[in-house]
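Visitor: sequence first, predicted model second:
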Amino acid sequence: MMEQEEAGRSAAAADKVFTFEDKNTEEKLVVSIPEVLDPQHGMHVWPSAVVLAQYLWTHRAELKGRTVLELGAGVGLPGVVAALCGAQVILSDSSDSPECLQNLRRSCRANGLHRVPVLGLTWGDVSPDLMALPELDVVLGSDVFYDPEDFEDVLVTFVCLLRKNPKAQFWSTYQVRSADWSLQVLLHRWDLSCVQVQLDEFGADKPELAGSGLPGSHSIQMMIISQEEGRG
Ligand SMILES: C[S@@+](CC[C@H](N)C(=O)[O-])C[C@H]1O[C@@H](n2cnc3c(N)ncnc32)[C@H](O)[C@@H]1O
């Protein structure tokens, strides 16, 4: 199975390298992500992912030992960065996308991460795998708010995870594709609150991060969603 995967990979995948640097401490993190030349959503790194990865890199001290789940991970750049920074990471994508789950395993192998679980978790699906997850500190989601039809399912998945740890936070970056889209009504319905994080607070207000040419000219924003105070 592994050999078949590798054969497929050499025909269709190319590694994209990201180098995160801290100019003050001269620390550096090099991450290699195999991307597949396929138009499907989860086969390459999206602009939002490199912004979220930059946030994780600049908050790496906070991540050490924390339990982190990435939703809709695609090729998993943010989750891989979190794992390399010392977090206990679980990567997930839709259980209907086995090729994405395969990509996630490749991304882990490419970075020497042999103990990161990869799960099929479909947003809004209260599956046994979702319910069996450990208490999480942080949920990651990069470009998971791209289709308004899915917005509530993504939030409901996070709300399920809050049952085990009501203090968990959802760190999410998204691409602004329509000025009409808003999460406000859904956040209110599910007793959630949201704080926007400015990109210049973590050095992500640039058209190129980690030497990758991303996020380019896309307008990316970041928010942290948590349970509204006084609830739970
Ligand atoms: C725009 S891509 C973003 C991928 C990755 N997070 C990134 O930023 O590079 C959206 C991802 O969400 C996943 N996805 C779409 N619908 C989903 C669902 N219902 N449940 C779980 N994952 C889903 C796709 O397979 C894809 O990997």
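Guide: Received the coordinates, thanks.

Visitor: show me where pLDDT drops low in the protein?
Guide: 1-12, 38-40, 231-232 (pLDDT under 70).

Visitor: ranges for the helices of it?
Guide: Applying DSSP state H to the chain gives helices spanning 2-12, 47-58, 60-63, 77-84, 98-110, 128-131, 151-162, 184-189.

Visitor: contact residues of this structure facing the ligand?
Guide: Residues of the chain that fall close to the ligand, judged by Cβ under 6 Å from any ligand atom: 41-42, 45-46, 48-49, 72-74, 93-94, 97, 100, 122-123, 142-144, 146, 150. Bear in mind the C-beta positions are built from the backbone N, C-alpha and C, glycine included.

Visitor: one step back: so of the helices of the chain, which one's packed in deepest?
Guide: Neighbour counts (mean count of other Cβ atoms under 10 Å) averaged over each of the helices of the chain peak at helix 77-84, with a mean of 28.

Visitor: just want the angle from that one to helix 98-110.
Guide: With axes from the mean of the first three to the mean of the last three Cα atoms, to 10 degrees applied, the angle from helix 77-84 to helix 98-110 works out at 30 degrees.

Visitor: could you dump helix 77-84 to PDB, C-alpha only?
Guide: Extracted in PDB, the C-alpha atoms of helix 77-84 (Å, rounded to 0.1, in the frame of the first residue of the first chain):
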ATOM      1  CA  LEU A  77       0.800  22.700   6.700                       C
ATOM      2  CA  PRO A  78      -0.500  24.300  10.000                       C
ATOM      3  CA  GLY A  79      -0.900  21.000  11.800                       C
ATOM      4  CA  VAL A  80       2.600  19.900  10.700                       C
ATOM      5  CA  VAL A  81       4.100  23.200  11.900                       C
ATOM      6  CA  ALA A  82       2.300  22.800  15.300                       C
ATOM      7  CA  ALA A  83       3.600  19.200  15.700                       C
ATOM      8  CA  LEU A  84       7.100  20.300  14.800                       C
END
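
Visitor: packing partners of that helix?
Guide: Here helix 77-84 touches strand 13-21, strand 28-36, helix 47-58, strand 67-71, strand 88-93, helix 98-110, strand 138-142, going by 3 or more Cβ pairs under 8 Å, 6 or more residues apart in numbering; DSSP states H and E.

Visitor: turn the helices of the chain into JSON lines, including distance to Ile220.
Guide: Formatted as JSON lines, the helices of the chain follow (distance: least, Cβ to Cβ, whole Å):
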{"stretch": "helix 2-12", "distance to Ile220": "27"}
{"stretch": "helix 47-58", "distance to Ile220": "5"}
{"stretch": "helix 60-63", "distance to Ile220": "20"}
{"stretch": "helix 77-84", "distance to Ile220": "13"}
{"stretch": "helix 98-110", "distance to Ile220": "21"}
{"stretch": "helix 128-131", "distance to Ile220": "27"}
{"stretch": "helix 151-162", "distance to Ile220": "17"}
{"stretch": "helix 184-189", "distance to Ile220": "19"}
